[in-house]
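**Q** Please work out how this folds:
(chains A and B, ligands or ions: 1)
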Amino acid sequence: MHVHRYEKIWLAFGIAMLAIFLVTITTAAVVEGFVPPSHVESIDPAKVSSTAPFDHPGLRKIKTGVYEAYYVGRIFAWEPRTLTIPAGARVTFFVTATDVVHGFSIPETGVNTMVSPGWVSTVSHTFAKAGTYLLLCNEYCGGGHQAMAASIVVR
Amino acid sequence: MTTMHPPTLDVQKRDPVFLDRYTVANENLLVLAQIYTATFALALGSLFGLLQTFSRANFIVMPPEFDYYRMLTAHGVLLALVFTTFFIVGLFQFAIYRTIVRPGRSLKLGWFGYAVMLLGTIMAATSILGGNASVLYTFYAPLKASPWFYFGATFLVLGTWVVAAEVIENVIWFKRRHAAQRIPLPAFIGATTMIMWVIATLGVVAEMALLIPWSLGWTSGIDVELTRILFWYFGHPLVYFWIMGAYLVWYTIVPTTFGGRVFSDSLTRL
Ligand SMILES: [Cu+2]
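**A** As a prediction, the model looks like this:
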């Protein structure tokens, strides 16, 4: 098979780009631990309201400055509706859904994960700046999707 | 018919219109039906998008039947799925018909495939516009649409499989008669693309095998993650079919139209 010199150069360029991207992604994932926020454990979506700790969604203090927040998404609301967090706290969110797929998103923080019924999604964030943050659903979940929002107060 | 036109290289090079005006006219009709259906889907889907934009901007007030998510679903399905499918299938049928000259070619399989695709599209579009399938074009379970929507999507895909069978049949016909010759480049691209299309759409058909009994109420649960993975098994490669179409045009139609040459036949095949 005859391959022109220009084509050889272009092929080598393409293969080199592929190799660079693969190495970059693998390094980021393996060495630096960049992985998408994802499902760590499963849960029976029909029994969320009777499964601890999701039977009492809200904030739990682990130690000074370190918290865990439990959230339940259902059409068309997040529970708890409002959450108050001390400024500077490191919060790990545990989120699940009872019905359809929702999207757990706090704009301007990088907190953004898909929430599927049957799974618990986990994502962490340090709230350095005081203020009121919007928590919304960014995965279409039905006719009232646009109303699915809650707030997080940092002070 | 073949006795009239001995299958030599010379025949392949002769003006196909001169060869068999009747067959060519019928082939053109089928290709145009595919392309016009694609264009109509594009126009309708764009219109819905435009109307929603005006409605969101408070320029117009839409009647309640044209609610946002219903129109968004129609817009997404018509543009991403229906427009792409009809256009790509039509384009590759065209590539086959123009490069594998076959006097008296039967178009029964091609027309049957088109009819099944059209039927599926009408079923899905009716259920979306009736407000029974506002599930966006990704139709993530457990958002549930009417079974008509899922059946429609299945028929749209199965229709393309019929066309794929027609494309492969034509390539086999060519190979049988011209064992020494390479398959013409555009036909080669058409056949390989249709094979890739069948592999990619296996994901949708498998997903529908789960969604249809579930939407009919025959099965109670649905594996949310599995259906989403199956959707993207199809949804991600979907964009490549526009690239394959663009390859066909850049590598073969453009050089022919402008009197150039194919820079590298073997690399294109690769
Ligand atoms: Cu939601």
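**Q** next one: phi and psi at whichever residue of the stretch 51-200 of chain B sits closest to the ion?
**A** The nearest approach of the stretch 51-200 of chain B to the ion comes at residue B:143, 10.2 Å away (C-beta to the ion). No exception for glycine: its C-beta is placed from N, CA and C like everyone else's. Backbone geometry at residue B:143, expressed as degrees, to the nearest 10, gives phi -60, psi 130.
**Q** That one contacts residue A:145, doesn't it?
**A** No. With contact defined as C-beta atoms under 8 Å, residue B:143 does not reach residue A:145; the gap is 10.1 Å.
**Q** Output the below-cut-off pLDDT ranges for the chain.
**A** In the absence of a named chain, this looks at chain A. Along chain A, the model assigns pLDDT under 70 to residues A:1, A:36-40.
**Q** ah, no, chain B please
**A** Residues of chain B that meet the cut-off, pLDDT under 70, sit at B:1-19.
**Q** Tell me the secondary structure at the most centrally placed residue in chain B.
**A** For chain B, residue B:85 is the residue whose C-alpha lies nearest the centre (C-alpha atoms, centre = their mean; 2.6 Å). Following DSSP: H, G, I helix; E, B strand; the rest coil, we place residue B:85 in the helix state.
**Q** which residues touch it?
**A** B:38, B:117, B:156, B:160 (C-beta atoms under 8 Å, 6 or more residues apart in numbering or on different chains).
**Q** Is there a neighbour count for residue A:41? I'd like the number.
**A** Counted with other C-beta atoms under 10 Å in any protein chain shown, residues neighbouring residue A:41 total 10.
**Q** For the residue nearest to the residue of the stretch 51-200 of chain B closest to the ion when sequence neighbours are not counted, list the residues it contacts.
**A** Among residues not flanking residue B:143 along the chain, residue B:135 sits closest, at 4.7 Å (C-beta to C-beta, 6 or more residues apart in numbering or on different chains). The neighbourhood of residue B:135, defined by C-beta under 8 Å, 6+ apart, consists of B:73, B:143-145, B:149.
**Q** do the same with residue A:91
**A** A:59, A:67-69, A:85, A:124-127.
**Q** By neighbour count, which of these wins?
**A** residue A:127 (22 neighbours).
**Q** ok, the residue nearest to the centre of chain B to residue B:137 distance?
**A** Going from residue B:85 to residue B:137 by C-beta to C-beta, to the nearest Å gives 12 Å.
**Q** Quick check: residues of chain A near chain B?
**A** Listed as neighbours of chain B in chain A under the rule C-beta under 8 Å from any C-beta of the partner chain: A:1-4, A:7, A:99-101, A:116-119, A:139-143, A:145.
**Q** filter the residues you listed down to the ones close to the ion.
**A** Restricting the residues of chain A next to chain B to those touching the ion (C-beta under 5 Å from the ion) yields residue A:141.
**Q** how about the residue nearest to residue B:143, phi and psi?
**A** Dihedral angles (degrees, to the nearest 10) for residue B:135: phi -120, psi 10.
**Q** how close does it sit to residue A:69?
**A** Counting by C-beta to C-beta, the gap from residue B:135 to residue A:69 is 30 Å.
**Q** shouldn't residue B:175 be in contact with residue B:184?
**A** No. Between residue B:175 and residue B:184 there is no contact under C-beta under 8 Å: 11.2 Å.
**Q** which of these two has more neighbours?
**A** residue B:184 (20 against 13).
**Q** next structured bit after the lengthiest helix in chain B?
**A** As assigned by DSSP state H, the longest helix anywhere in chain B is helix B:21-56. Sequence-wise, the next helix or strand downstream of helix B:21-56 (DSSP states H and E) is helix B:68-76.
**Q** hmm, that next one in reach of the ion?
**A** No. No part of helix B:68-76 sits close enough to the ion to count as contact by C-beta under 5 Å from the ion; the gap is at least 12.2 Å.
**Q** Please name every helix or strand in contact with that helix.
**A** Here helix B:68-76 touches helix B:21-56, helix B:108-129, going by 3 or more C-beta pairs under 8 Å, 6 or more residues apart in numbering or on different chains; DSSP states H and E.
**Q** Same question for the helix or strand just after the shortest one: list its buried residues.
**A** Tracing the chain C-terminally past helix B:108-129 and defining elements by DSSP H and E, one meets helix B:147-177 next. Of the residues in helix B:147-177, those scored as buried under the neighbour-count criterion (16 or more other C-beta atoms under 10 Å in any protein chain shown) are B:147-168, B:170-171, B:174.
**Q** other SSEs contacting helix B:147-177?
**A** helix B:84-99, helix B:108-129, helix B:185-215.
**Q** quick one, domains of chain A?
**A** A:1-35, A:41-154 (automatic domain parsing).
**Q** May I have the distance across the last one, first residue to last?
**A** Here the two ends of domain A:41-154 are set 28 Å apart, with distance taken as C-alpha to C-alpha, to the nearest Å.
**Q** ok, now stretch B:68-82?
**A** Per C-alpha to C-alpha, the first residue of stretch B:68-82 is 20 Å away from its last.
**Q** Reduced to three states, what does residue A:152 come out as?
**A** When classified by three-state DSSP, residue A:152 comes out as strand.
**Q** isn't it right up against residue A:135?
**A** Yes. Applying C-beta under 8 Å, one finds residue A:152 in contact with residue A:135, separated by 5.6 Å.
**Q** Does residue A:28 touch residue A:35 like I think?
**A** No. Applying C-beta under 8 Å as the test, residue A:28 and residue A:35 come out as separate, 9.0 Å apart.
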